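Chemist: turn this into a model:
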Amino acid sequence: MSEKSVQKKKYIVERARKVFMEKGFKAVTMKDIVEACEISRGGLYLYFQNTDELFEEVLRLEQEEGDDVFEESIPEGASPSEILALFLKEQKKELLCLKPSLNMAVYEYFFGHNESSKDNLLKKQFDAAVYVIERLIQEGNESGEFYCEDPRGAARNIMYVLEGLKIASQTRGIQESAVDREILYVMQGLIGEEY
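Modeler: Numbers count the residues shown, from 1 in each chain. So this is what the prediction gives:
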């Protein structure tokens, strides 16, 4: 793909991201994307055949950008507990953010698709996050920062708590104190009452 084509595709994905944030997934049509990008229908179909394909690309880029931003924010030489605290702080910011996000579109997309667990992007993202948190907990155990007999179980629990908070924030709203309480509970389970 030429550099011009790469830039055009990126432009389409960025504009589509905004449309999905505003309308969710189910309500978006290719016509909406054509209008948002101010391109012809044929121009859009050169890059994406349908909204599913386009949304999957939005999710892929969103994941890459999120990973890059998080990695760049980790101070050099940070301990496992500092990295985990930073991760939880970023999650808290996302949960309390009142700006439009892709969360509702993500849930609409995955509730409407019967993908096998092997192909489920949301499951892959969840499992990748569990793996990273598990590694942090293991390293924290080794350095004496954490005491956790089941790092994998604790990592899964952290992700389930965050996923539940994400759904609560989208469906009924959530108070900062509730997020703080859950994060404190998670951290106390790893390092004891001192946190």
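
Chemist: can you pull the contacts of the residue nearest to the spatial centre of the chain?
Modeler: In the chain, the centroid-proximal residue (Cα atoms, centre = their mean) is Q63; its distance is 6.2 Å. Residues near Q63 by Cβ atoms under 8 Å, 6 or more residues apart in numbering: Q125. The way it works is simple: take the backbone N, C-alpha and C, and place the C-beta from them, glycine included.

Chemist: buried set for the strand or helix carrying it?
Modeler: Assigned by DSSP states H and E, Q63 falls within helix 51-73. By neighbour count on 16 or more other Cβ atoms under 10 Å, the buried set for helix 51-73 is T51, L54, F55, E57, V58, L59, E62.

Chemist: wait, which of the residues you listed is closest to M30?
Modeler: Lowest distance from M30 to the buried residues of helix 51-73 (Cβ to Cβ) belongs to T51, with 6.2 Å.

Chemist: quick check: chain neighbours aside, which residue is closest to the closest one?
Modeler: Excluding the flanking residues, the one nearest T51 by Cβ to Cβ, 6 or more residues apart in numbering is V28, at 5.5 Å.

Chemist: I'd guessed the one you found sits against R17; true?
Modeler: No: between V28 and R17 there is no contact under Cβ atoms under 8 Å: 10.8 Å.

Chemist: which intervals of the chain have sub-threshold pLDDT?
Modeler: Residues of the chain meeting the criterion pLDDT under 70: 66-70, 98, 114-119, 192-195.

Chemist: could you redo the last one with a cut-off of 50?
Modeler: Low-confidence segments of the chain (pLDDT under 50): 117-118, 193-195.

Chemist: in it, which spans are helices?
Modeler: 3-23, 30-37, 41-45, 51-73, 80-96, 103-111, 121-143, 151-171, 176-191 (DSSP state H).
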